[in-house]
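J.: Give me the fold of what follows.
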Amino acid sequence: MASKYDGKGKSYDGDSISVLKGLEPVRQRPGMYIGSVGTKGLNHLIYEIMDNSVDEHLAGYCDEIWVTLEKDGTATIEDNGRGIPVDMNKQAKKSALEVVFTTLHAGGKFGDGNYKISGGLHGVGSSVVNALSEWMEVWVKRDGIVWNQKYKQGKVKSKVKEVGTCRKNDTGTKVTFLPDPEIFEKTYFKAEAVRSRLHETAYLNPGLTIHYENKRAGEEETVEYHEPDGIKAFIKDLDNEKEAVTDIIYFKREIEGIELEIAFQYVNEFTENILGFCNNIFTQEGGAHITGFKSTLTQTINQYARELGNLKDKDANFTGADVRNGLTAIVAIKHPDPRFEGQTKTKLDNPDAEKATKTIANEQLTLYFDKNLETLKKVIECAEKSAKIRKAEARSKTNMLTKSKFSIDSNGKLANCESRKPEECEIFIVEGDSAGGSAKTARDRKTQAIMPIRGKILNVEKASMDKVLANAEIKTMINAFGCGFSEGYGNDFDIDKLKFDKIILMTDADVDGAHIDTLLLTFFYRFMPDLITGGHVYIATPPLYKVVPKKGEGEYLYDDKALEKYRKNHKGFTLQRYKGLGEMDPEQLWETTLDPKTRILKQVEIEDAKLASRVTNMLMGTEVAPRRDFIYKNARDAEIDA
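T.: Predicted coordinates for the structure are as follows:
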């Protein structure tokens, strides 16, 4: 069989695939490889396969990817790259295609010459997805021939064989798989998160076109993602509806094999939003590249502020938070040998990445601000304003955080639990005094705390810090949780001091209840993000209906689909609809929403960068219609943890 050359590197054939070690028991410990067996881990299967296609793009061989959610619950990912080699791998003495999909740590990314930059791990991701699938099927187009192999739960079901022909220059790989219900809590891909990840990938790869299709009943849609303006368009999308203070500032440069691309803009907001990526992977916890950019931006602005006389000799420097207040930034780095903390790559850990970021950012920021003095002055003015607010509000924060716990407990809002073991404690944030009263009566006093809230909580996305700190509901939550909070003017958040393992939002099962959930989640996302990333935030799922047949016991139904199904199978029953939590007596509330043995909790997750930021901005923006539509459709679409 002929090898495939492109003139851009060495041949890509069977011997390009290196085998480092045998297959690990992925099915026994899936969390080590995909993070969780919930919705986030499920969607991660698609991303692992797609990342291999993106790596083909980064290597210069692929410009189109197709991702399809099929009617039967499978997912299909196809690209027009070179096609995975199918010839014999001398080391493994089997087809390279089989090696890639059945051997962990086997792929074209561990040797030299084929992938200078990669985010997924060709062979790591492929074999892991295969191991966690009920079945998988792969097609490869190379050298005018279509090849195929089938697998079941990671094991070979059929040999690599020819199944057709194609044009000589028609190449690529197509993978279809069905997640294994023995592994995953549920096997229904979350379409909104998948779409968001695809769009995010298109922003990071301006030369790539990604075709998305959802064929599932009632969800049919087709979308094409192509973003020739790259991360500049990403910033524009993130800052949609926000008042811009500066234009989008952009630069891109490579140093010692490390490529850095940064776009940022200042808007008239009280928060910062910095998103980091390494080799197209969203580094949710930041890392070296984010640290390098933050420190260099702070140092640069302070230096200019002194040169221009904004800061006198007696003045202290602006803090990093001062400089970043109102900042939206994308920091995308491409590294030939990235090191991440954790298998799911949430934090970059390369010292040379921080060094390269500092060098490039210092050079490019200086070049830009030397030529754009008016923009520089606006940035310094933002920092000055932030510094004044910081100093004025420091006293307010100190007073609030040092307020006696007993005064918080005695204000009638918080009914604390008896246990002081955080791992067994949970706090319910309940909508309304009526439901709060029933919850206090129904709860397990040893482990369950209840905090009623009255009306709608403050929209922190549009509020200054003094208003946030003055809000009674927020003050009560901060003091009740016990772990402080993160904000630009001094971060004292400490997750180890959290008094409750679970923070559960318990609101009415209607649009208004979902809106309250959103306001609370926005507060957590902006000021206590570690609560979400640490898996501590949940949404309770109260029933919408109770049905009682003429014969037999009644049961609770949680949505209209369940009611429709019940109607088809039962004739003659009484129906009770719960318009709010307050309509339930304590016994019903315990049975349906509080009892750990029978309740349904939905865990809140930040699945990716763009979705979290875009949804928050949209929900808290000025347009009412899209906010209502999204809340109604998605506010309770999260991960089930019964």
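
J.: could you point out where this protein is predicted with low confidence?
T.: 1-24, 105-124, 342-345, 393-412, 455-456, 461, 487-491, 607-642 (pLDDT under 70).

J.: mind listing the strands in the stretch 351-500 of the chain by residue range?
T.: Using DSSP state E, counting those that start in this stretch, the strands of the stretch 351-500 of the chain run over residues 426-431, 448-453.

J.: For residue 514, find the nearest of those strands.
T.: Among those, strand 426-431 comes nearest to residue 514, with 10.6 Å by Cβ to Cβ. C-beta: built from backbone N, CA, C; applies to glycine.

J.: centre of the chain versus the closest one, how much separation?
T.: Centre-to-centre, strand 426-431 and its host chain are 24 Å apart (Cα atoms, centre = their mean, to the nearest Å).

J.: Please give the element, helix or strand, for residue 28.
T.: Taking DSSP states H and E as the definition, one finds residue 28 inside no helix or strand.

J.: Quick one: residues contacting it.
T.: Residues in contact with residue 28 (Cβ atoms under 8 Å, 6 or more residues apart in numbering): none are found.

J.: now residue 168
T.: 143-144.

J.: on that earlier part again, out of the strands of the stretch 351-500 of the chain, nearest to residue 73?
T.: Nearest to residue 73, of those and by Cβ to Cβ, is strand 426-431 at 33.1 Å.

J.: Would you reformat the strands of the stretch 351-500 of the chain as CSV and include mean neighbour count and distance to residue 213?
T.: As requested, those are arranged in CSV below (neighbours: other Cβ atoms under 10 Å; distance: least, Cβ to Cβ, whole Å):
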stretch, mean neighbour count, distance to residue 213
strand 426-431, 25, 39
strand 448-453, 24, 42
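
J.: got a markdown table for the ones you listed, with distance to residue 301 too?
T.: Shown next, in a markdown table, are the strands of the stretch 351-500 of the chain (distance: least, Cβ to Cβ, whole Å):
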| stretch | distance to residue 301 |
| --- | --- |
| strand 426-431 | 39 |
| strand 448-453 | 39 |
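
J.: Ok, which of those comes nearest residue 533?
T.: So among the strands of the stretch 351-500 of the chain, strand 426-431 is nearest, using Cβ to Cβ, at 18.2 Å.

J.: rewinding a little: could you say which one of the strands of the stretch 351-500 of the chain comes nearest to residue 47?
T.: Nearest to residue 47, of the strands of the stretch 351-500 of the chain and by Cβ to Cβ, is strand 426-431 at 31.4 Å.

J.: any residues touching that closest one, and which ones?
T.: Counting by Cβ under 8 Å, 6+ apart, 417, 436, 439, 443, 447-453, 477, 480-481, 499-508, 513, 516, 520, 540, 580-581, 594 sit against strand 426-431.

J.: Among those residues, which lie within helices?
T.: The helices, defined by DSSP state H, take in 436, 439, 477, 480-481, 513, 516, 520 from the contacts of strand 426-431.

J.: Top of those residues by number of neighbours, please.
T.: residue 439 (27 neighbours; other Cβ atoms under 10 Å).
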